[in-house]
Structure formats: C-alpha cells, structure tokens
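# this is a predicted model, with the sequence first.
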Amino acid sequence: MVDEVKIKIVGTDDEYAQAMAVRREVFVKEQHIPEEKEFDGNDHCSTHVLAVHNGKPVGVMRIRYFNGFVKFERMCVLREYRKTDVSECIMQTGMEFAAKKGYEKVYGICKKELLNRWQRNGFFAIPGAPTVEQNGMTLVPVCGQLPKVQNVLTMQTPTEILNAREGAWDDVGADDKYAGMRRNMQNRLQEIRQHRNLRQSENVRAQKATGMTKHEGAER
C-alpha cells in the first residue's frame, strides 16, 4: 500500500485544498483544535508537502523559512495510515526539498511520545530547550541537520532551473543534478523502514505479553 503513495510539493489550488482537508480532518475534527488556531494565516507563505494514495490525500506537512533554518510543522497523517511509513516519506521529501534550496538545519516541535519517530529521521531534542504545552499536548523542540548537497540552488544556477516549479528543479534539462542525493535519501528511508519493522515486531511481542495496543497521534 505504502509503495503506491506519492509525495509531492503542493503547487496547484487543488493540491492546496487537499492539504488543508487533511489537516482539518486530523487537527480540527479529530483533535478538536479550533479552526482559527489551526489555520493561522501562515499557510499562504509556506511550502506544503502532500502525500496521496490512490488519488486520496492522506498526509501533509508545512515548511516555513527563517534565517539559516527551516521549520517543519503541522505534520499529520490520516488515522488509517499511521502504522505505515507515510510520515517518514513526507519528512524525507521535505528534507531533500529544503536541502536543495540551500538550508542546512531544520527545526520542529513534536509530541513527546513521538520523539522516537523524529529521532529515526535524524532529529534530536534541543539541549536546554523547554517543552511546550499546547492544545493539551506536551511538545518537544527538536533540530536536525539537512544533507549536504553539491548542487545547491544559487544565483549562479541556470535561469531555467530557477524558473521551474518548486521541487521540480531536477526535471529541467537532460542532466539530473540531484540523482546522487536522491539515492542517499532513498537509502536513508530504507534504513528507517527496516528500523520501523524491527520496532513493530518488538511492539507486537510486547502487546501480546501485556494485552495493550499502541496508538499514535499527530504532530503540530
């Protein structure tokens, strides 16, 4: 199922509407966050990463830009996809995208109980940073180092590439300047999947022993 999920950078009105619909379903309807808090006006100056399965939007993450770093936020996945690696695919795509734009660091805040998921993607809790209490959740500030990219987009990059649709820079011309980095990201994702499968096996054994079921939520 997960192999059929497509991850894309939102670039049309329809894709934007799909991304907002996923957040409305998870944050507003499921977690009862007021709509005026969820849709805070920052959506119009952000990049959105959207996961789609068989034409259905199933996950999303928002990226905002600051001096020297990007911020990953408003990441969520529909309930029936939370036991898959959709969230990791979204995050890895966001990291590749931000690295191409020349950023080196990414900041985020995650639910305390989901810190392991972020750590599997290369994040770590920021030393000395206090946790945040928000909408009944305890959130942990985290930071990650983006991959090094040889062909970072600069003012010397050919105009036809800089004019391309966001996230589609490597589709311009005959040479794929980012094939190497994409292979590295795919290898990293494969490592995450293997680690996740191992943890799921351990969880199944633990659940059989305790009779408990694990439930995952969404991040802000």
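That came through fine.
# tell me the mean pLDDT over the strand ranked longest in the chain?
Looking across the chain with DSSP state E, the single longest strand is strand 56-66. For strand 56-66, mean pLDDT rounds to 97.
# check stretch 136-153 too.
85.
# buried residues in that stretch?
Burial within stretch 136-153, assessed by neighbour count using 16 or more other Cβ atoms under 10 Å, is assigned to 137, 139, 140, 141, 142, 143, 144, 146, 147, 149. In this view, the C-beta of every residue, glycine as well, is placed from N, C-alpha and C.
# could you pull out the strands for the protein?
Here the chain has its strands, by DSSP E, at 5-9, 47-53, 56-66, 69-77, 105-111, 123-125, 132-134, 137-145.
# which residue packs closest to residue 132, ignoring adjacent ones?
Setting aside the residues directly before and after it, residue 132 is nearest to residue 139 in space (Cβ to Cβ, 6 or more residues apart in numbering), at 4.2 Å.
# cool, residue 115 as well?
residue 140 (5.6 Å).
# just grab the bridge partners of the one you found for me.
The partner list for residue 140 in beta bridges (DSSP bridges) reads residue 110.
# so it sits against residue 112, correct?
Yes - between residue 140 and residue 112 there is a contact under Cβ atoms under 8 Å: 5.3 Å.
# so what's the closest residue to residue 121 other than its chain neighbours up against?
Excluding its sequence neighbours, the residue lying closest to residue 121 (Cβ to Cβ, 6+ apart) is residue 91, at 5.0 Å. Residues in contact with residue 91, defined by Cβ atoms under 8 Å, 6 or more residues apart in numbering, are 61, 72, 75, 121.
# any idea how far residue 29 is from residue 91?
Look at residue 91 and residue 29: by Cβ to Cβ, to the nearest Å, they are 23 Å apart.
# count the residues that sit near residue 110.
Residue neighbour count, defined by other Cβ atoms under 10 Å, stands at 24 for residue 110.
# residue 50 against residue 8, yeah?
Yes - between residue 50 and residue 8 there is a contact at 5.4 Å, judged by Cβ under 8 Å.
# the two: who's more crowded?
residue 50 (22 against 17).
# any idea what that one is bridged to?
residue 8, residue 60.
# what do you get for residue 65?
residue 70.
# common neighbours of residue 140 and residue 112, please.
In contact with both residue 140 and residue 112: residue 131, using Cβ under 8 Å, 6+ apart.
# now the residue nearest to residue 115: how far from residue 62?
18 Å.
# skip the chain neighbours and tell me the closest residue to residue 5.
residue 53 (4.7 Å).
# so what's that neighbour up against?
1, 4, 5, 6, 81, 86.
# what pLDDT is listed against it?
Residue 53 is given a pLDDT of 94.
# pLDDT weak spots in this structure?
Low-confidence segments of the chain (pLDDT under 70): 1-3, 150, 173-197, 199-220.
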